[in-house]
Each structure stands twice: as C-alpha cells, then as structure tokens.
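**Q** Next comes the sequence, and after it the predicted model I'd like to discuss.
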Amino acid sequence: MVKIFTEKSGKRMFFVNHAGKSRLNSMLQPLVTADMLLKINDDGLSYIDDFQDVQVYKKINADLFALSYATYVLALADASIHDNQVDPALFAFLEKTLLLMEEGLDYEVLTNIFEIQILSRFGVILNLHECCFCHRVGLPFDYSFRYSGVLCPDHYDRDERRAHWHPNVLYLLDQFQAVRFIELETISPQAEM
Ligand SMILES: [Zn+2]
C-alpha cells in the first residue's frame, strides 16, 4: 500500500502488486512526482494503471537538511487535509515549494511560508500588518499574545507582557502571510527595517 497525494482526487491509498519487482518501483519513493493514470475506487482500494514524467528531487535528496525540511512540509500538507479531500490549491503550493527548494532557494524561508499558509487555511489569521490600536503600518512592531496582533512603539505599553520579538521577524512573517507563488523567488530573509 502506498499513500499518494493526487491533484484531482486528494490523498489516497493505492494497492501495488509486488512493489519490489514492479516497474512502479522507481516511482514508489518518498518525494517523487509523476503524471499518473489512476483507477480510483471511493469504496475500496485504488490502483495505478500507468505513469509517466517521473520527477525526483535530486538536490533535495542529496542534502540532509533540505530533505528534512521537505519531509516536514510534506507532513504538514498531509496533516492539513482529510483522505479523499480534493485540494488542487494545496497540491500546487506543495509542488511549487518543493520545486523552489530543488532550485536552491532557502528551504527555511520556504518552510516558514508554507507553515504560515497552512495556518491561514485553518482560519488562523494573525494581524501582523498594522498596530492593533492606531492601525499604522511599516513600524518596528512587537507581538502581543493578549491582542493577537502587533503593537507599534507608541503602543508597546498597552501590553506589559508583549513578546519582545525582533521587529524584523514580524516584518518577514507579515510578508509570508501575504505571499503568493509569483513572489516566492524574491523574498529574502535579509530584509531590513
Ligand atoms: Zn500604535
């Protein structure tokens, strides 16, 4: 049995005969994408009829750190949807994230973006963009758990137990929350306030 995240049918379990000897063997590894012809049974086991364009992520697999981040991203995606739940947006975001890791973009940054995006799918939207009190933007903010949002320097005193995080971290998290695919390649962790 193998679990595959498909674009059109969500997460599914597939039955494979004699996996060790099968032509499918090359594909039945973690972290592989392919175009597959599938026989989907909603009530029982599903089968892989045929496949092509197998893509392995060579650079990720060759780098232990990149591999552990990629594995974590896959686990997050796995945990965030139910079996058989179709989610082409998550599929596309996952595929894009892995592709950018493979191309050598900073895997820590990519993983942060992925985490923030997954959080927002669960309805957790943190206000990291404007001060909870005066709604000004672009200031060296600190985070307040009490208000679930950021405070500007003029309003730091509204929460005596504010987080004392570096403003740069909050700036980046705010960027990650709003990021779209097209922007992924231009995000840099060196952005300065
Ligand atoms: Zn303020």
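**A** Right, received. Where do you want to start?
**Q** Can you get me a residue count around Val150?
**A** Per other C-beta atoms under 10 Å, the neighbour tally for Val150 reads 28. To be clear about C-beta, it is placed using only N, CA and C from the backbone, and glycine gets the same treatment.
**Q** which residue packs closest to Gln85, ignoring adjacent ones?
**A** Gly10 (4.6 Å; C-beta to C-beta, 6 or more residues apart in numbering).
**Q** from memory that neighbour sits against Ala89, does it?
**A** No: judged on C-beta atoms under 8 Å, Gly10 makes no contact with Ala89 at a distance of 11.8 Å.
**Q** what's the residue nearest to Gln85 sitting at in phi/psi?
**A** phi 70, psi -160 (degrees, to the nearest 10).
**Q** Kindly state the beta-bridge partners for it.
**A** Per DSSP bridges, the residues bridged to Gly10 are Thr6.
**Q** mind listing what it touches?
**A** Ile81, His82, Asp83, Asn84, Gln85, Val86, Asp87 (C-beta atoms under 8 Å, 6 or more residues apart in numbering).
**Q** Not counting sequence-adjacent ones, nearest residue to Leu76?
**A** Ile118 (5.5 Å).
**Q** Actually, Val150.
**A** Per C-beta to C-beta, 6+ apart, closest to Val150 is Phe141, 3.7 Å.
**Q** likewise Lys3?
**A** Lys3 sits nearest to Met13 (C-beta to C-beta, 6+ apart), 5.6 Å away.
**Q** wait, isn't that neighbour in contact with Ile48?
**A** No: Met13 is not in contact with Ile48 according to C-beta under 8 Å; the separation is 11.4 Å.
**Q** Roughly how far does the residue nearest to Ser80 when sequence neighbours are not counted sit from Asp83?
**A** What sits nearest to Ser80 in space, not counting adjacent residues and going by C-beta to C-beta, 6+ apart, is Ile118, at 5.2 Å. Counting by C-beta to C-beta, to the nearest Å, the gap from Ile118 to Asp83 is 17 Å.
**Q** Which positions within the one helix or strand in the chain whose mean pLDDT sits lowest qualify as buried?
**A** Least confident helix or strand of the chain, by mean pLDDT, DSSP states H and E, is helix 167-178 with a mean of 79. Under the neighbour-count criterion of 16 or more other C-beta atoms under 10 Å, helix 167-178 has Pro167, Val169, Leu170, Tyr171, Leu172, Leu173, Asp174, Gln175, Phe176, Gln177 buried.
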